[in-house]
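**Q** generate a structure from the sequence data that follows.
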Amino acid sequence: MSDPRLLPYEDRWQPGIAAVIRSVYEEYALTWDPDSYHRDLYTIQETYIDTGGFFSVLVLDNGVIGTVSALDRSDHAEIERLYLLKDYRGRGYGRMMTEHFLQWALSTGHGRAIAWSDKQFSDAHAMYKRMGFKIIGDRVLDDPDDSPEWGFELNLDTSQ
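**A** Residues are numbered from 1 along each chain as shown. Alright, predicted model coming up:
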């Protein structure tokens, strides 16, 4: 088996992207809603790339095993859609995708990185904390499950 590669979004990856995220939603008994809440997964070019963000896929043997994207929120960079299939967790791939996001955030001049994450995703929270992110609050997401989330922030401005 080869090592996974992190690649920029191409239309050919879209079915694999949806499959990875749907798999995680099923794992955590969350509601899959492609017509509303997950609509962005079917409009990736317009939602992420054309608005100044990015969307990347972690590919192993031509199959998508993970996703990471970002939105430019003017005053900060926000990581979005960080998902990894269960069988590939604990190998550093989540960190690799998060570092990819942080490199993008720095290269686009952002001084802060923000991540919002469902409170069930404790492995992701532990990774964020190991990477220096601090909890900045919580919220209830406007999704089909009214999911509670933690907010995390990392200061990228090294001049302070």
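**Q** excluding chain neighbours, what is closest to Leu82?
**A** Val68 (5.0 Å; Cβ to Cβ, 6 or more residues apart in numbering). For glycine as for every other residue, the C-beta is placed from the backbone atoms N, C-alpha and C.
**Q** check contacts around the one you found.
**A** The contact partners of Val68, by Cβ atoms under 8 Å, 6 or more residues apart in numbering, come to 6, 55-56, 58, 79-82, 97-98, 100-101.
**Q** okay, those in a markdown table with neighbour count next?
**A** What follows is the contacts of Val68, written out as a markdown table (neighbours: other Cβ atoms under 10 Å):
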| residue | neighbour count |
| --- | --- |
| Leu6 | 15 |
| Phe55 | 24 |
| Ser56 | 22 |
| Leu58 | 25 |
| Ile79 | 26 |
| Glu80 | 20 |
| Arg81 | 22 |
| Leu82 | 22 |
| Met97 | 25 |
| Thr98 | 21 |
| His100 | 17 |
| Phe101 | 22 |
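**Q** ranges for the strands of the chain?
**A** 5-8, 54-60, 63-72, 77-84, 112-118, 134-140, 148-155 (DSSP state E).
**Q** paired strands for the last one, with orientation please.
**A** Think strand 148-155. Note on strand 148-155: by DSSP bridges, its sheet partners are strand 112-118 (antiparallel), strand 134-140 (antiparallel).
**Q** who wins for proximity to Trp32 among those strands?
**A** strand 112-118 (13.8 Å; Cβ to Cβ).
**Q** quick one: buried residues of the closest one?
**A** 112-118 (16 or more other Cβ atoms under 10 Å).
**Q** give me the mean pLDDT for that strand.
**A** Per-residue pLDDT over strand 112-118 has a mean of 98.
**Q** and what of stretch 121-129?
**A** pLDDT averaged over stretch 121-129 gives 97.
**Q** likewise for stretch 45-60?
**A** Computed over stretch 45-60, the average pLDDT equals 97.
**Q** how about stretch 72-85?
**A** 97.
**Q** could I get the buried residue list for that stretch?
**A** Judged by neighbour count using 16+ other Cβ under 10 Å, the buried positions of stretch 72-85 are 72, 76-85.
**Q** need the contacts of Val68 in JSON lines (columns: distance to Tyr42).
**A** Below are the contacts of Val68 laid out as JSON lines (distance: Cβ to Cβ, whole Å):
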{"residue": "Leu6", "distance to Tyr42": "22"}
{"residue": "Phe55", "distance to Tyr42": "12"}
{"residue": "Ser56", "distance to Tyr42": "17"}
{"residue": "Leu58", "distance to Tyr42": "20"}
{"residue": "Ile79", "distance to Tyr42": "20"}
{"residue": "Glu80", "distance to Tyr42": "15"}
{"residue": "Arg81", "distance to Tyr42": "13"}
{"residue": "Leu82", "distance to Tyr42": "18"}
{"residue": "Met97", "distance to Tyr42": "21"}
{"residue": "Thr98", "distance to Tyr42": "24"}
{"residue": "His100", "distance to Tyr42": "23"}
{"residue": "Phe101", "distance to Tyr42": "22"}
